[in-house]
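In: turn this into a model:
(4 chains)
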There are 2 protein chains.
Amino acid sequence: MPPSKIRNMEEFATISGISRPTLSKYFNNPESVRKSTRQRIEAALKSHDYKPNVYAMNQNRQTTRNIGVIVPNLADPFFNEIGRAVEVACIKAGYSPILLGCHGKPELEAENLESLRSLKPAGVLLAPFGRGSDRKAIEKILKEVPLILFDANIGEIGAEFVGTDNLQSVGLIVEYLCRSGEPPSFFEMETPANPNASKRRQAYLRSMEVHGFAPHILQVKGSGWNFEEIGQIEGGAVLREGGLPTNTVLCSNDRLAIGMLSAAYKLGLKVGHGPGCDIRIAGHDDHPFSRFTCPSLTTIAQDYAAIAERAASSLFRIIDTNEKPPQRVETLFEGKLVLRDSA
Amino acid sequence: MPPSKIRNMEEFATISGISRPTLSKYFNNPESVRKSTRQRIEAALKSHDYKPNVYAMNQNRQTTRNIGVIVPNLADPFFNEIGRAVEVACIKAGYSPILLGCHGKPELEAENLESLRSLKPAGVLLAPFGRGSDRKAIEKILKEVPLILFDANIGEIGAEFVGTDNLQSVGLIVEYLCRSGEPPSFFEMETPANPNASKRRQAYLRSMEVHGFAPHILQVKGSGWNFEEIGQIEGGAVLREGGLPTNTVLCSNDRLAIGMLSAAYKLGLKVGHGPGCDIRIAGHDDHPFSRFTCPSLTTIAQDYAAIAERAASSLFRIIDTNEKPPQRVETLFEGKLVLRDSA
DNA sequence: GATTAATATTTACGCGCGTAAAATTAAAAT
DNA sequence: ATTTTAATTTTACGCGCGTAAATATTAATC
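Out: Alright, predicted model coming up:
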């Protein structure tokens, strides 16, 4: 990239000997021009360092190549990873993803949707808060661009929902826990922000029934996103006060389990499935830290790569064909049991 | 916001009874118009749901209100938090932050800088990789907009560096460890990506000298960002093979320490400072998980709020006054000792 | 080599807003 | 009430590119 500064596409057109409309076509889709032309453009590009002005590009265009991706909390490793996977899928398909986190605050979800709206994205991939989500804000952007929900479902909103089959995944771990020891209680927050939580509770109830055990649900106080802290404080209280009918607990998610493990450690309880262990604790999600907890956490791994891939490709299909599927689809992927030391 | 759809500023001008240039002024800085006018505009805004087209706004403008913020890895809670703090500071100052993570890949840093360049930001706040950073990519954008480094310093690049005083912070924890028990060894990766790592090693060496102890540095293999895994595997090897001259280890960062704690647990070692403990392990950074490790981790808390605030405000000053400080400044904030159970 | 289909060029207009200069109006100071 | 000062309106142009239509060129087919 020599010092030659090109100021606009016009200039680059004269320098490269290609007409401006053809260049415009190229930048919108390199495949849309003849191979020989493409090569000439790319050769010129190498020796001139020109990039079209993104603002001018998108200003007078009916549809941009931007994809809005919103997750509730980028600080949560699960959402970080799934957000990243979606990002990569978008780039691969020639779109420009805009990944926005809501820092655990539902009001930021509405704000992010609004700022996306002014970026005129071609589509939106949203992992909503669920209960905390501003339904009107979602419906507002939905009128303008296709939207697909992932991770958490909100009834009948968006063209598709892609997530994990909680019924299957929770069934899997409940079955394992029942088979390998005492049946689990279910540990969760009283007012979970995420709709998956209630799905998991229902799956737990159903699964316990299938195995012929009496369910026992521990709902503790706590809201917000400080799951570890809630698990530690409230889970610790449960452990101390002996509110458990069996020696096994299934936590609604790994972050709660991590907190509970911490509480168990403080109480001097030995967690695990070996001899001499006081209690078994299991989680759900295969949080990146679950491998490093003490003891390492038995949990369910979500197939976030598949979820991300599917959500993205479904969105691209809608964008490309410009037609919504006649019926709202719900795609669920199976979770996998990850056996470690805690249960 | 009734159904009235306004398509451009012109339309909104006729509806609101305000001239378009005045509206333009208002949207660029609400304070720049008379109070009575501002109130009229805001009243109209409430009943008409108009927002200027961002692309058209920025297209023919010498300087946008965008601030690029780049951190090495949004999945790392430390960078997530400091990135968020910077974001908030930008919004507060009326700028639009664009927070980009590099997912631990230095090549993404260069890519992100490049995509920022085409967004014509008013300035850039960069937490660089350090060794892995593409110096040329940084210098390229530096020619166009002011840039401030935070967290990790790269010699003489950018208008300012804002970070933690590792000499002070490591001195603090070494002093504590020496005073309260046996002097620590220093545990780190062989080829740390982050320049803070070598700063901390130097600070350790100097601090040990001050207290009259022989330093002992454990450099283990490993690169990349899987710190916990490296801490677990390599730290575990150190613990097993008895390569420690004392019962105390200071890890270069919390994530290594978390891995080492996990290894110690697996080996059946009791970590802590109480009676009957086999080893003391300390970290650096006050990672959000450090409160929930087993045992909870004694560490150093960085003042990331101050770092973010300072980095942002310095950038705004340069942008507003349109002049770089005559000399490159390095601003260091002190770390605070966080005493928990592990050391 | 002639015909056809695909691609490129020419020409021209518009997007929504920034921004400058001059004219006007309103508010503040005297 | 008059002058001074500040803010607003009018007018007008341009930014860089999308995009459409007509024309010219190239490549593919026979």
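In: contacts for the strand or helix carrying residue A:203, please.
Out: Using DSSP states H and E, residue A:203 sits within helix A:195-211. Helix A:195-211 is contacted from outside by A:130-131, A:151-154, A:163-164, A:166-167, A:169-171, A:174-175, A:178, A:183-184, A:186, A:188-189, A:192, A:214-215, A:217, A:250, A:252-253, A:284, using Cβ atoms under 8 Å, 6 or more residues apart in numbering or on different chains. For the C-beta atoms, the positions are set from N, CA and C on the backbone; glycine is no exception.
In: C-terminal to that helix, what's the next element?
Out: That would be, after helix A:195-211 and using DSSP H and E, strand A:217-220.
In: buried residues, that next one. List them.
Out: Residues A:218, A:220 are the ones in strand A:217-220 that count as buried (16 or more other Cβ atoms under 10 Å in any protein chain shown).
In: for the following helix or strand past it, name the packing helices and strands.
Out: Sequence order places helix A:227-241 as the next helix or strand after strand A:217-220, per DSSP H and E. Using 3 or more Cβ pairs under 8 Å, 6 or more residues apart in numbering or on different chains; DSSP states H and E, the elements in contact with helix A:227-241 are strand A:185-189, strand A:217-220, strand A:248-251, helix A:254-266.
In: give the buried residues for the longest one.
Out: This points to helix A:254-266. Within helix A:254-266, the residues scored as buried using 16+ other Cβ under 10 Å are A:254-266.
In: ok, stretch A:5-17 near chain B or not?
Out: No - using Cβ under 8 Å from any Cβ of the partner chain, we find that stretch A:5-17 stays clear of chain B, coming within 11.1 Å at best.
In: quick one: that stretch near DNA strand D?
Out: Yes - residues of stretch A:5-17 contacting DNA strand D under Cβ under 7 Å from any atom of the strand: A:7, A:8, A:9, A:10.
In: top of these by neighbour count?
Out: Comparing the residues of stretch A:5-17 next to DNA strand D by number of neighbours (other Cβ atoms under 10 Å in any protein chain shown), residue A:9 comes first, having 20 neighbours.
In: hmm, that residue is touching residue A:20, no?
Out: Yes - counting by Cβ atoms under 8 Å, residue A:9 touches residue A:20, with 5.4 Å between them.
In: identify the residues contacting the nearest residue to residue A:295 once chain neighbours are set aside.
Out: Ranked by Cβ to Cβ, 6 or more residues apart in numbering or on different chains and with sequence neighbours excluded, the top spatial neighbour of residue A:295 is residue A:341, at 3.6 Å. Counting by Cβ under 8 Å, 6+ apart, residue A:341 makes contact with A:272, A:273, A:274, A:295, A:296, A:297, A:298.
In: can you select the buried ones among the residues you listed for me in ChimeraX?
Out: Restricted to buried positions by 16+ other Cβ under 10 Å, the ChimeraX selection for these reads:
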select /A:272,273,295,296,297,298
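In: may I see the helices and strands packed on helix A:227-241 organised as CSV, with mean pLDDT and distance to chain B added?
Out: Shown next, in CSV, are the helices and strands packed on helix A:227-241 (pLDDT from 0 to 100; distance: least, Cβ to the nearest Cβ, whole Å):
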stretch, mean pLDDT, distance to chain B
strand A:185-189, 96, 16
strand A:217-220, 95, 16
strand A:248-251, 98, 13
helix A:254-266, 96, 4
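In: out of those, flag the one nearest residue A:306.
Out: Ranking these by proximity to residue A:306 (Cβ to Cβ) places helix A:254-266 first, at 19.0 Å.
In: next, the angle strand A:185-189 makes with that closest one.
Out: For helix A:254-266 against strand A:185-189, the angle by axes from the mean of the first three to the mean of the last three Cα atoms, to 10 degrees is 110 degrees.
In: helices and strands around helix A:254-266, which ones?
Out: strand A:185-189, helix A:227-241, strand A:248-251, strand A:280-282.
In: distance from the chain centre to it, please.
Out: Centroid separation for helix A:254-266 versus its chain: 23 Å, with Cα atoms, centre = their mean, to the nearest Å.
In: and stretch A:327-338, by the same measure?
Out: In terms of Cα atoms, centre = their mean, the centre of stretch A:327-338 is set 13 Å apart from its chain centre.
In: what residues of it count as buried?
Out: Those would be A:331, A:332, A:333, A:335, A:338, for stretch A:327-338 by 16+ other Cβ under 10 Å.
In: same question for stretch A:107-122.
Out: Buried positions in stretch A:107-122, judged by neighbour count with 16+ other Cβ under 10 Å: A:108, A:109, A:110, A:111, A:112, A:113, A:116, A:117, A:120, A:121, A:122.
In: and the furthest pair within these?
Out: A:108 and A:122 (22.4 Å).
In: for residue A:30, give me its contacts.
Out: residue A:38.
In: and it, how far is that from residue A:45?
Out: Distance, residue A:30 to residue A:45, using Cβ to Cβ, to the nearest Å: 10 Å.
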